[in-house]
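1. Here is my input, please return the structure:
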Amino acid sequence: MITEEAVVQDTRDNIAVVKVQRSEACGNCAAKGMCQALGGQSKEMLVEVLNDKNASPGDIVEISIPSKPFLKSMSVVYMIPVFSLIIGLFLGMQFGKKTGILDPSLAGFLGAMLFLGGAFTFARWYDRKAQQNIEYWPRISKVLSPSEHESTCENH
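-> Residues are numbered from 1 along each chain as shown. Now for the predicted structure:
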């Protein structure tokens, strides 16, 4: 399970918006270039998480992402496109050799691009499906420190 500390910024219904500080792990992550390309230059990120622990704004919480859904998502994002590229290249080259219509190198390139496009289309569909499934959402696993407002309200 992947965990990170965050501060709750806002809550509504069963959702909390938390501010997460990028950890040292981000510096070693192979995907850090993707986060930066998506506008992630800041040291802080706002993330929507499931609020199973009834955290309040200002609380310091631990958020977690279960390993199984995380690994599924990473395979869709990284492994499927790579395998699709290789399979498309191979099939395209075979098509070019057998038919003689296209040069095998050009047919391989076109096949690789076609299969890669299909993989990205699948990844986009999978992302939309995963956003609707709460299994893939990060969640508050524990409240580490209640907000100051909450502790002063209890004293009165």
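2. Let me see the residues that make contact with the helix or strand where residue 68 lies.
-> Applying DSSP states H and E as the criterion places residue 68 in helix 67-74. With contact meaning Cβ atoms under 8 Å, 6 or more residues apart in numbering, helix 67-74 is reached by 1-2, 126, 130, 135-136. (Each C-beta comes from the backbone N, C-alpha and C, glycine too.)
3. Report the buried residues of the helix or strand just after that helix.
-> Counting by DSSP H and E, the element after helix 67-74 in chain order, helix or strand, is helix 80-99. Using 16 or more other Cβ atoms under 10 Å as the test for burial, helix 80-99 gives 80-81, 84-85, 88-89, 91-93, 95-96.
4. chain center to helix 80-99: distance?
-> The chain centroid and the centroid of helix 80-99 are separated by 28 Å, computed with Cα atoms, centre = their mean, to the nearest Å.
5. Can you mark which positions in the following helix or strand past that helix are buried?
-> Sequence order places helix 104-132 as the next helix or strand after helix 80-99, per DSSP H and E. Neighbour-count burial for helix 104-132 flags 104, 107-112, 115-116, 119, 123, 126, 130 (criterion: 16+ other Cβ under 10 Å).
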